[in-house]
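Student: coordinates for the following, if possible.
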Amino acid sequence: MTVSSTPSFIPESLIPESLMPSRLVSFTSFNNNTEQFHSAVRAQLAQDIDVLFAYAELPSPLLDACRYVMTGQGKLVRPLLVASAFDSVHHSNANDNENTDKSTDNKNSMANADGLEALLENDSDYDMARRAALAVELLHTYSLVHDDLPCMDDDDLRRGQPTAHIVFEESTALLAGDVLQTLAFEVLTAELPTFAPFDSAISSQLIAIFAPRARRMVSGQMLDLNAEASANISQSDLEAIHRDKTGALIEAAMLMGGICAGATAPQRMALQECAQHIGLAFQVQDDILDVTTSTDTLGKPAGSDEKLDKSTYVKLMGVEDATSYAQSLFNDGRAAIIRELSRHESSGSELGNDANNDALLALIEWLWARKK
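Tutor: Numbering: from 1, shown residues only. Okay, the predicted model is just below:
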């Protein structure tokens with residue numbers, strides 16, 4: 001794969017040498033090695049964060065605070081969802097093209113063993129996926145910075161390190177969240193060094209997906225705060241909160257990755273269905289881990305939900321039933337991908353039954369096994 005060219009309006013002499021990689025990391029599945037794939041996505045994201053902050057020219061200490069919260073030891077689930085959806089859709093479509101060409105005896109197809117590489121060399125889809133991965137992580141991190149503020153959850157630990165308002169002034173932490181939110185949208189159309197010029201058609205689709213789900217995330221946060229004052233809340237009410245607070249951005253990540261790879265309408269529907277199940281499962285998992293895992297492992301205060309008297313799935317269902325519910329949600333999400341995107345047949349619906357080399361299925365397996 002060729003390196004995306006630096007736009008001509010930014011002189012290369014003004015770009016630090018450390019931000020001029022010899023070869024950008026590809027969102028490909030590294031011969032079915034999930035760990036290598038995830039490491040590559042994280043490496044690319046770290047590189048792109050540096051490029052973005054060099055471009056943004058934020059004043060100090062705002063820049064310091066933004067770097068601090070964006071370079072912590074987070075799971076980076078949402079960028080991984082973007083990359084995995086991109087990879088799965090590209091491979092699925094490449095294989096469909098290959099099978100069609102074989103059936104019609106057409107020898108001119110691009111969908112060969114290097115189909116994704118050829119596609120990436122001929123358009124900016126991959127760079128748009130990089131933009132999408134950056135966008136969802138910027139928005140997610142902004143929400144964490146604001147969640148941790150004294151006026152919200154008042155937490156002093158996040159991603160294994162002191163929260164932003166502990167290290168910096170509370171006002172700086174507030175502004176860091178504000179600017180990360182604005183950058184999340186700007187990055188989709190910014191003229192960034194080391195990125196190919198943005199694709200306006202794809203950008204408009206990404207914003208149409210991203211903006212309403214960003215709004216839903218904030219609405220879900222408000223509903224979550226309202227629920228703290230409620231003595232009794234039903235499971236359906238709790239799910240409505242988390243489909244917005246947690247699920248909306250997970251939905252955005254998967255759809256944005258798919259859009260960058262040229263997902264068809266049925267593929268988008270499958271991605272959305274999968275994301276709705278995974279987003280809810282992810283929150284159920286978080287509730288379970290909050291009461292079963294130590295602060296050192298979580299990287300944030302364990303038992304914080306109980307301290308704030310929050311309504312949780314564990315509180316409603318107990319740990320055992322909540323765990324079974326999470327597993328069923330993960331299985332339903334997995335089934336949506338197998339039905340529309342997976343390149344292989346599966347003999348069962350249980351997690352652990354051969355994720356093959358589909359990046360999204362592998363990520364679901366990884367999420368199900370997570371301990372923090």
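Student: I'd like the next helix or strand past the strand or helix carrying Y142.
Tutor: Y142 is part of helix 125-147, with elements assigned from DSSP states H and E. Remark: after helix 125-147, the chain's next helix or strand is strand 157-158, criterion DSSP H and E.
Student: mean confidence for whichever helix or strand comes after that next one?
Tutor: With elements assigned by DSSP H and E, the helix or strand that comes after strand 157-158 is strand 161-162. Averaging pLDDT along strand 161-162 gives 90.
Student: hang on, the earlier thing: C-alpha coordinates for the helix holding Y142, CSV please?
Tutor: What follows is helix 125-147, C-alpha atoms only, in CSV (Å, rounded to 0.1, in the frame of the first residue of the first chain):
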residue,chain,number,x,y,z
ASP,A,125,-11.3,5.3,1.6
TYR,A,126,-8.7,4.1,4.1
ASP,A,127,-7.8,7.7,5.0
MET,A,128,-11.5,8.5,5.6
ALA,A,129,-11.6,5.5,7.9
ARG,A,130,-8.6,7.0,9.8
ARG,A,131,-10.6,10.2,10.1
ALA,A,132,-13.6,8.3,11.4
ALA,A,133,-11.5,6.4,14.0
LEU,A,134,-10.1,9.7,15.2
ALA,A,135,-13.5,11.3,15.4
VAL,A,136,-15.1,8.6,17.5
GLU,A,137,-12.2,8.5,19.9
LEU,A,138,-12.1,12.3,20.3
LEU,A,139,-15.8,12.4,21.1
HIS,A,140,-15.6,9.5,23.5
THR,A,141,-12.7,11.0,25.3
TYR,A,142,-14.5,14.3,25.6
SER,A,143,-17.4,12.5,27.3
LEU,A,144,-15.1,10.8,29.8
VAL,A,145,-13.4,14.1,30.7
HIS,A,146,-16.7,15.7,31.4
ASP,A,147,-18.1,12.7,33.1
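Student: other SSEs contacting that helix?
Tutor: Counting contacts by 3 or more Cβ pairs under 8 Å, 6 or more residues apart in numbering; DSSP states H and E, helix 125-147 packs against helix 34-56, helix 62-70, helix 77-103, helix 170-186, helix 200-228, helix 247-260. All C-beta spots, glycine's among them, are computed from the backbone N, C-alpha and C.
Student: winner for burial among those?
Tutor: Each of these was scored by mean neighbour count; the highest is helix 247-260, a mean of 29, by mean count of other Cβ atoms under 10 Å.
Student: what is the mean pLDDT for it?
Tutor: 97.
Student: output the contacting helices and strands for it.
Tutor: helix 77-103, helix 125-147, helix 200-228, helix 265-292.
Student: number of nearby residues for the spatially closest residue to R42 that is not a sequence neighbour?
Tutor: Sequence neighbours aside, L76 is the residue nearest to R42 in space, at 5.7 Å (criterion: Cβ to Cβ, 6 or more residues apart in numbering). Residues within reach of L76, counting by other Cβ atoms under 10 Å, total 20.
Student: tell me the contacts of L76?
Tutor: Residues in contact with L76 (Cβ atoms under 8 Å, 6 or more residues apart in numbering) are V41, R42, L45, E137.
Student: about what we covered before: who wins for proximity to G257 among the helices and strands packed on helix 247-260?
Tutor: Distance to G257, taken as Cβ to Cβ, is lowest for helix 77-103 among those, at 3.1 Å.
Student: would you pull up how far that closest one lies from the middle of the chain?
Tutor: 17 Å (Cα atoms, centre = their mean, to the nearest Å).
Student: quick one: low-confidence parts of the protein?
Tutor: 1-32, 96-123, 229, 231, 297-309, 342-357 (pLDDT under 70).
Student: so which residue is smack in the middle of it?
Tutor: Taking Cα atoms, centre = their mean, the centroid of the chain lies closest to R78, which sits 1.1 Å from it.
Student: quick check: it vs I207, distance?
Tutor: Distance of R78 to I207, given as Cβ to Cβ, to the nearest Å: 17 Å.
Student: with L149 instead?
Tutor: In terms of Cβ to Cβ, L149 sits 27 Å off from I207.
Student: cool, S294 as well?
Tutor: 40 Å.
Student: same check, this time on L255
Tutor: L255 is 12 Å from I207, by Cβ to Cβ.
Student: please apply the same query to L225.
Tutor: For L225 relative to I207 (Cβ to Cβ), the value is 27 Å.
Student: same check, this time on M217
Tutor: 15 Å.
Student: before we move on, the earlier item: reformat the helices and strands packed on helix 247-260 as a markdown table; add distance to D64.
Tutor: Shown next, in a markdown table, are the helices and strands packed on helix 247-260 (distance: least, Cβ to Cβ, whole Å):
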| stretch | distance to D64 |
| --- | --- |
| helix 77-103 | 22 |
| helix 125-147 | 13 |
| helix 200-228 | 25 |
| helix 265-292 | 29 |
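Student: of all these, which one is nearest E186?
Tutor: helix 125-147 (8.9 Å).
Student: what angle do helix 77-103 and the closest one make with each other?
Tutor: 160 degrees (axes from the mean of the first three to the mean of the last three Cα atoms, to 10 degrees).
Student: chain center to helix 125-147: distance?
Tutor: Using Cα atoms, centre = their mean, the offset of helix 125-147 from its chain centre is 7 Å.
Student: okay, angle between that helix and helix 34-56 too, please.
Tutor: Going by the same axes, to 10 degrees, helix 125-147 makes 80 degrees with helix 34-56.
Student: give me every residue that touches the nearest residue to A85 once chain neighbours are set aside.
Tutor: Leaving aside its sequence neighbours, A85 sits nearest to G257 (Cβ to Cβ, 6+ apart; 3.1 Å). Each residue near G257 by Cβ under 8 Å, 6+ apart is listed here: L81, V82, A83, S84, A85, F86, V89, A129, A132, A133, L271.
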